[in-house]
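J.: Build me a structure from this.
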Amino acid sequence: MNWDTVAQHITAATGRAFTARSVQPLSGGDINAAFRLQDGDKSYFIKLNRAEWVEMFVAEFEGLQELASSQTVCVPQPVVYGQNDTHCFLVLDYLELGRSSAASERLLGQQLAHLHQQVQPYFGWHRDNTIGSTLQANPQSNDWLDFWREHRLGFQLQLAAQNGYGGRLQVLGERLGVELAALFGDYAPSPSLLHGDLWAGNAATDKQGKPVIFDPACYYGDREADLAMTELFSGFGRDFYAAYHDVWALHDGYRVRKSLYNLYHILNHLNLFGSSYLRQAENVMVGLLAEVGVATP
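T.: Here you go, the predicted model:
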């Protein structure tokens, strides 16, 4: 990568001259390369990928802006994105991270509840983005069940079929789509601003003890979807959940629906990482159908 190109974009975006005097590789996850770019006392966090992935970075940039505009929970400040012939990049302010505590967990729970109180009159978003490296379609809709059936479960099941996962998975998925309304009863979700990919690896605490969330896959949807994912891989403590509930208690039906919402991510992992997630996806569907009294093969 020509780091002078990145530095020039930073200078243009901030109005402050910046030179890439130090480049330090960082852990950046499975999808992107990550670096700390430094000039004196100013540092930036850089995500790097192939040029054809630039729209992923545009969506992440706008997602961070959307979260920041809620003035509820801290996110890395998005600075600029760009590309050259071979690479695309996303520049964020570099945050020094510290250790989480019971106090920071409580604060994150409160702030997430306030984030979810930011609403729109529609489900979806103004653009598509990605969940991992998978396209996440976000057309605006007035009907949450249709949105989830078609653009979350249906989309992932179609990908699974293309990836060779047919048979029982598809039969169970079709039945679940038909029975979806029975999982909601009298519960009518509001279109809340969601992080969209809120597992423990996308949350941290800065040196001042403030919670930080990052790597969003934003859209407006049922807040239960965000809470459900915090439980999928664990990593959030009792203080976090108690503080969230103190601000905005969850509906009783969340106990069941969290499996529905996490099914989306399990299917995405099936499509991204392979057959080790197949049995888990099928078992979740069997359990959800049993909740509404539907026998399964």
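
J.: quick one: the strands in the stretch 1-150 of the chain?
T.: Shown for the stretch 1-150 of the chain, the strands assigned by DSSP state E, counting those that start in this stretch span residues 22-26, 33-39, 42-50, 78-83, 87-93, 129-131, 134-136.

J.: In TSV: those strands, plus distance to residue 190.
T.: Every C-beta, even on glycine, is put in place using the N, C-alpha and C of the backbone. Formatted as TSV, the strands of the stretch 1-150 of the chain follow (distance: least, CB to CB, whole Å):
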stretch	distance to residue 190
strand 22-26	37
strand 33-39	35
strand 42-50	32
strand 78-83	26
strand 87-93	29
strand 129-131	21
strand 134-136	20
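
J.: The ones you listed: which one's closest to residue 201?
T.: Residue 201 sits nearest to strand 33-39 of all the strands of the stretch 1-150 of the chain, at 13.0 Å, using CB to CB.

J.: which neighbours does the closest one have in its sheet, and in what orientation?
T.: Strands that pair with strand 33-39, judged by DSSP bridges, come out as strand 22-26 (antiparallel), strand 42-50 (antiparallel).

J.: With distance to residue 143 as extra columns, can I get the ones you listed in TSV?
T.: Below are the strands paired with strand 33-39 laid out as TSV (distance: least, CB to CB, whole Å):
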stretch	distance to residue 143
strand 22-26	42
strand 42-50	34
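
J.: looking at these, which is closest to residue 245?
T.: Per CB to CB, nearest to residue 245 of the strands paired with strand 33-39: strand 42-50, 32.7 Å.

J.: tell me which residues in that closest one are buried?
T.: The neighbour-count check on strand 42-50 (16 or more other CB atoms under 10 Å) flags 43-49 as buried.

J.: which two in those are spaced the farthest apart?
T.: Pairwise distances across those peak at 20.3 Å for 43 and 49 (criterion: CB to CB).

J.: got JSON lines for the strands paired with strand 33-39, with mean pLDDT and distance to residue 240 too?
T.: Below are the strands paired with strand 33-39 laid out as JSON lines (pLDDT from 0 to 100; distance: least, CB to CB, whole Å):
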{"stretch": "strand 22-26", "mean pLDDT": "95", "distance to residue 240": "26"}
{"stretch": "strand 42-50", "mean pLDDT": "96", "distance to residue 240": "25"}
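
J.: In contact with residue 11, which residues?
T.: 17-18 (CB atoms under 8 Å, 6 or more residues apart in numbering).

J.: what's the closest of the strands of the stretch 1-150 of the chain to residue 13?
T.: Judging the strands of the stretch 1-150 of the chain by CB to CB, what sits closest to residue 13 is strand 78-83, at 3.8 Å.

J.: Tell me which of the strands of the stretch 1-150 of the chain sits most buried.
T.: strand 87-93 (a mean of 22; mean count of other CB atoms under 10 Å).
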